[in-house]
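Peer 1: compute the structure for the input listed below.
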Amino acid sequence: MGSLLTGVAILIRGHRQLLILIVPIAIFAVVTQLVGGTLLGRIAIAFFINLMVVLSLQIFTGNSGLLSFAHVGFMGIGAYVSAVLTMTPEAKAFAIPDLYPALVPVTLPFIPAVLIGGLVAAVVAAVVTFPIMRLREAASVISTFALLVIIQVILAHWHELTNGPRSLFGLQPYTDLPTAALWGVIFIVVAWVFRHSSIGLRLRASQDSEPAALTIGVNVVRLRWIAFIVSAFIAGFAGGLWAHFVTTFSPRAFYLIETFVAVTMLIVGGPRTVSGAVIGTVIVTAAFQGLRTIENQINLERLLPFQVVGVTEILLAVVLIVVLTVRPGGLIEEREIFSGPGGPLGPDADSAAKAPP
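Peer 2: Have a look, this model is predicted:
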């Protein structure tokens, strides 16, 4: 309860920084909805879904200091669970012929199904990740990558639930721009509150000196575990929205390229701040879409004697290397955008990190 109250206090006192983050993207969503074409609308929806995934990474990585490669896998769990729960029995008969009989007649409304998808992702994270939270640095990163591989293999071979490696189809396009924008804004607030709650403050304190945090009674492993569960829920929820946006997908959609793009968004913007997660998503989405458009245009007009493939990913990789070399903490390193000394709470903003749990 104390952690929640601290987060709410931060939300009230840091409203200017929140508004600076939320208002521009809200205006972008409204203008796109009113006057934007179909292509811009789809780009905007993809942006907000990517934003949710990056915010889920920020909640864990930004506060714990441990990089995770597994979150796109939890996005896949949420996508498949929500898809199975919203499809009609007729659609399931064609798309997932081997589906468990008990699930065939189940058809839930869109948002409850997406929420359940997020909860299933969170439960899976709670069950399997506690031992990983005891690891540090390279061991932790490798373990989360192994977890991504495990989830990918399960999704690709669980024929009774995912239709195996084949595409899942028959979903309704429920995810529109207002829905994606609304939940994007909600999760910005959630990430903000979490970062400035006592859990987030203690986790960030443990980054500087884990032994010192342990000596004052901070249960670092438990706090990392809580952060991972919360972030897995958001990633799973984003996966459900994504599934009902593209309507057809396969397990390959939740693997290495998607993980690379999400991690790039977080690192470019700055993993330790919510502002960094938002700005990194904006910059990389704009760069990704721009480069992909140029690449497609070159191929369509046959400006070169060969097909241009993979240039977008290569250039993003170069950008990531440059950022890590020149500014390892990202564009916004420690403090939220336009915050004064000590952040939105003032000079003593991190004092709660030193308090016993």
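
Peer 1: and the most centrally placed residue in the chain, how far from Gly280?
Peer 2: Nearest residue to the geometric centre of the chain (CA atoms, centre = their mean): Val53, 1.2 Å. Going from Val53 to Gly280 by CB to CB, to the nearest Å gives 12 Å. Every C-beta, even on glycine, is put in place using the N, C-alpha and C of the backbone.

Peer 1: just Ala232 next, same as before
Peer 2: Using CB to CB, we find Ala232 at a distance of 20 Å from Gly280.

Peer 1: quick one on the thing from earlier: quick one, what contacts the residue nearest to the centre of the chain?
Peer 2: Listed by CB atoms under 8 Å, 6 or more residues apart in numbering, the contact partners of Val53 are 71-72, 75, 234-235, 238, 262.

Peer 1: check Leu324 too.
Peer 2: Contacts of Leu324 (CB under 8 Å, 6+ apart): Ile267.

Peer 1: picking that back up, make JSON lines out of the contacts of Val53 and add neighbour count, secondary structure and pLDDT.
Peer 2: Shown next, in JSON lines, are those (neighbours: other CB atoms under 10 Å; DSSP: H, G, I helix; E, B strand; the rest coil; pLDDT from 0 to 100):
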{"residue": "His71", "neighbour count": "34", "secondary structure": "helix", "pLDDT": "95"}
{"residue": "Val72", "neighbour count": "28", "secondary structure": "helix", "pLDDT": "95"}
{"residue": "Met75", "neighbour count": "33", "secondary structure": "helix", "pLDDT": "97"}
{"residue": "Ile234", "neighbour count": "31", "secondary structure": "helix", "pLDDT": "98"}
{"residue": "Ala235", "neighbour count": "33", "secondary structure": "helix", "pLDDT": "97"}
{"residue": "Ala238", "neighbour count": "34", "secondary structure": "helix", "pLDDT": "97"}
{"residue": "Ala262", "neighbour count": "25", "secondary structure": "helix", "pLDDT": "94"}
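
Peer 1: His159: which of the residues you listed is nearest?
Peer 2: His159 lies nearest to Met75 out of the contacts of Val53, by CB to CB, at 20.7 Å.

Peer 1: doesn't Phe233 make contact with the closest one?
Peer 2: No - here Met75 does not reach Phe233: they are 11.0 Å apart, not a contact under CB atoms under 8 Å.

Peer 1: pLDDT score for the residue of the chain most remote from its centre?
Peer 2: Each residue of the chain has a distance to the centre, and by CA atoms, centre = their mean the biggest one is for Pro305: 38.4 Å. Pro305 carries a pLDDT value of 83.

Peer 1: in whatever helix or strand Val141 lives in, what's buried?
Peer 2: Here Val141 sits within helix 137-157, counting by DSSP states H and E. Buried residues in helix 137-157, counted by 16 or more other CB atoms under 10 Å: 140, 143-145, 147-148, 151-152, 154-156.

Peer 1: and it, C-alpha only, in PDB?
Peer 2: Only the C-alpha atoms of helix 137-157 are listed here, as PDB (Å, rounded to 0.1, in the frame of the first residue of the first chain):
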ATOM      1  CA  GLU A 137      24.600  -9.300 -15.600                       C
ATOM      2  CA  ALA A 138      25.600 -11.700 -18.500                       C
ATOM      3  CA  ALA A 139      24.000 -14.800 -16.800                       C
ATOM      4  CA  SER A 140      20.700 -13.000 -16.400                       C
ATOM      5  CA  VAL A 141      20.700 -11.800 -20.000                       C
ATOM      6  CA  ILE A 142      21.500 -15.200 -21.400                       C
ATOM      7  CA  SER A 143      18.800 -16.800 -19.300                       C
ATOM      8  CA  THR A 144      16.100 -14.400 -20.600                       C
ATOM      9  CA  PHE A 145      17.200 -15.100 -24.100                       C
ATOM     10  CA  ALA A 146      17.000 -18.900 -23.400                       C
ATOM     11  CA  LEU A 147      13.500 -18.200 -22.100                       C
ATOM     12  CA  LEU A 148      12.600 -16.500 -25.300                       C
ATOM     13  CA  VAL A 149      13.800 -19.500 -27.200                       C
ATOM     14  CA  ILE A 150      11.700 -21.900 -25.000                       C
ATOM     15  CA  ILE A 151       8.600 -19.800 -25.500                       C
ATOM     16  CA  GLN A 152       9.200 -19.700 -29.300                       C
ATOM     17  CA  VAL A 153       9.600 -23.500 -29.500                       C
ATOM     18  CA  ILE A 154       6.500 -24.100 -27.400                       C
ATOM     19  CA  LEU A 155       4.400 -21.700 -29.500                       C
ATOM     20  CA  ALA A 156       5.700 -23.300 -32.700                       C
ATOM     21  CA  HIS A 157       4.900 -26.900 -31.600                       C
END
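
Peer 1: chain neighbours aside, what residue packs nearest to Val268?
Peer 2: Distances taken as CB to CB, 6 or more residues apart in numbering put Gly280 closest to Val268, at 4.4 Å, once the chain neighbours are dropped.
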